[in-house]
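In: can you look at this prediction? I've put the sequence above it.
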Amino acid sequence: MSYKQERITPYSNGQEKSKQVEEMFDNIAHSYDALNHRLSFGIDYFWRNTAIKQLRRYKPSSILDIATGTGDFAIMSAKKLCPENIVGIDISEGMMRIGMLKVKKAGLENVISFEKEDCEHLSFNDNSFDAITTAFGIRNFQNLDACLKEMCRVLKKGGHVSILELSSPLHFPMKQLFWIYSHTLLPLYGKLISKDKNAYKYLINTIESFPQGEEMVGIFKKAGFSEARFRRLTFGICTCYLAIK
């Protein structure tokens, strides 16, 4: 099945979506952290903490952080969950280079490692990880169904997936306020700081097109997960999912 956001690309250069997304994140890596925190008014820290709390009771020893970017989710998971190891994967080497510096500064080199991987074709063996995390990355997948099936494959039986994704609020007045913010201030500020005029327009287009809530629960189950549930955060601007293999 094809989803609308899979057909949305950052650029119009004829390359497949994954290559364009890799180029986009390489382009904005230098400003990504600052923009994330400023554009969310710092609430992204709360969102990540909420997603990590979902895993605390299960005490995962090995974690795969998909679309790890600059490593914020992996670093917070290492500090709060104390696993033996976390593997952060991404298609953008530019983002991961920044992540490696942050991990070194935090003294977590023995816990967190980085690898360039395409989520559609993970190199890990079946049943390799106790938990999988990803923040603000799944709407960038070129093939959502294929990536979720791969996530299910490398997750151990009974393992958990904790996912954060931006979403469109459903109710007045936040629905209208978010639309105004996301179509005016967000792309303008993103363009000024990142110097990439397409990146934050792409961000908004994929948020508005991405399946959310009950629809995503159905997609998780179709990918092979036995259970899935969700919780809307900050009036629906972000959604936190938990899926179980």
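Out: Now that the structure is in, tell me what you want to look at.
In: average pLDDT for the helix or strand containing M151, rounded please.
Out: Using DSSP states H and E, M151 sits in helix 144-154. Across helix 144-154, the average pLDDT comes to 98.
In: what do you get for stretch 119-138?
Out: For stretch 119-138, the mean per-residue pLDDT is 97.
In: okay, how far is it across it, tip to tip?
Out: 10 Å (CA to CA, to the nearest Å).
In: so what does the lowest-mean-pLDDT helix or strand in the chain touch, helix or strand wise?
Out: The weakest-scoring helix or strand in the chain, judged by mean pLDDT, DSSP states H and E, is helix 185-194 (a mean of 78). Taking 3 or more CB pairs under 8 Å, 6 or more residues apart in numbering; DSSP states H and E as contact, the helices and strands that helix 185-194 lies on are helix 17-39, helix 199-209. Any C-beta I mention is one placed from the backbone N, CA and C, and that applies to glycine too.
In: between the last one and helix 185-194, how many degrees?
Out: What separates the directions of helix 199-209 and helix 185-194 is an angle of 150 degrees, with axes from the mean of the first three to the mean of the last three CA atoms, to 10 degrees.
In: reformat the helices and strands packed on helix 185-194 as JSON lines; add mean neighbour count, distance to T70 and mean pLDDT.
Out: Output for these, formatted as JSON lines (neighbours: other CB atoms under 10 Å; distance: least, CB to CB, whole Å; pLDDT from 0 to 100):
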{"stretch": "helix 17-39", "mean neighbour count": "18", "distance to T70": "6", "mean pLDDT": "89"}
{"stretch": "helix 199-209", "mean neighbour count": "20", "distance to T70": "15", "mean pLDDT": "91"}
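In: now distance to R153 too, for the ones you listed, in a markdown table please.
Out: Below are the helices and strands packed on helix 185-194 laid out as a markdown table (distance: least, CB to CB, whole Å):
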| stretch | distance to R153 |
| --- | --- |
| helix 17-39 | 19 |
| helix 199-209 | 25 |
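In: nearest to S162, out of those?
Out: Using CB to CB as the measure, helix 17-39 is the one of these that comes nearest S162, at 18.2 Å.
In: for S162, see how far away the spatially closest residue to Y202 that is not a sequence neighbour is.
Out: Nearest residue to Y202 in three dimensions, chain neighbours excluded: P10, at 4.2 Å (CB to CB, 6 or more residues apart in numbering). The gap separating P10 from S162 is 26 Å, by CB to CB, to the nearest Å.
In: and L185, how many residues sit next to it?
Out: Neighbourhood size, L185 [other CB atoms under 10 Å]: 11.
In: let me fix that: P83
Out: P83 has 20 neighbours, counted by other CB under 10 Å.
In: verify the stated contact: it with S62.
Out: Yes. Using CB atoms under 8 Å, P83 is in contact with S62, at 6.3 Å.
In: let me know whether S31 touches S194 as I believe.
Out: Yes. Checked against CB under 8 Å, the pair S31 and S194 is within contact range at 4.6 Å.
In: so what sits against both of P83 and S62?
Out: The overlap between the contact sets of P83 and S62 (CB atoms under 8 Å, 6 or more residues apart in numbering) consists of D130, A131.
In: ok and the least confident helix or strand of the chain relative to helix 17-39, angle-wise?
Out: Using the same axes, to 10 degrees: helix 185-194 against helix 17-39 is 100 degrees.
In: contacts only, for the nearest residue to G88 once chain neighbours are set aside.
Out: Excluding its sequence neighbours, the residue lying closest to G88 (CB to CB, 6+ apart) is T68, at 3.2 Å. Counting by CB under 8 Å, 6+ apart, T68 touches A74, G88, I89, D90, M95, M96, G99, F114.
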